[in-house]
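Q: sequence and predicted model, in that order:
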Amino acid sequence: MPASCCGRCGGEGFEVVEGRPAGAHFRIALVQCASCGAVVGAMPAVNVEDQLRQMDRKLQTMDYSIQHIASRR
Ligand SMILES: [Zn+2]
């Protein structure tokens with residue numbers, strides 16, 4: 001498989017940097033060429049799946065606590 005390369009300079013190294021679009025209240029992660037900085041992709045800066053997992057763990061802990069309290073009655 002050929003290596004991915006930058007369409008501007010031909011560089012083959014990429015990096016992720018955080019950006020904030022003008023006027024936006026959220027951040028995005030920009031994939032850019034490590035040599036010239038040309039942006040080749042963008043994605044949400046926040047990993048929604050990871051946040052959902054953390055929320056699920058917290059809900060499970062709260063549910064356990066509520067059941068524990070209810071069983072005392
Ligand atoms: Zn480049």
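A: Alright, I've got the coordinates.
Q: and the helix or strand hosting Gln60, how far from the chain's centre?
A: Assigned by DSSP states H and E, Gln60 belongs to helix 48-71. Averaging C-alpha positions (Cα atoms, centre = their mean, to the nearest Å) puts helix 48-71 22 Å from its chain's average.
Q: show me what from this structure comes close to the ion.
A: Cys6, Arg8, Cys9, Gly11, Cys33, Ser35, Cys36, Ala38 (Cβ under 5 Å from the ion). Quick note: C-beta positions are derived from backbone N, CA and C, even for glycine.
Q: next step: these restricted to strands.
A: Among those, the ones falling in strands (DSSP state E) are Cys33.
Q: list buried residues within the residues of the chain next to the ion.
A: Cys6, Gly11, Cys33, Ser35 (16 or more other Cβ atoms under 10 Å).
Q: Cys36 against Gly7, yeah?
A: No. Contact criterion Cβ atoms under 8 Å: Cys36 and Gly7 do not qualify, at 10.1 Å.
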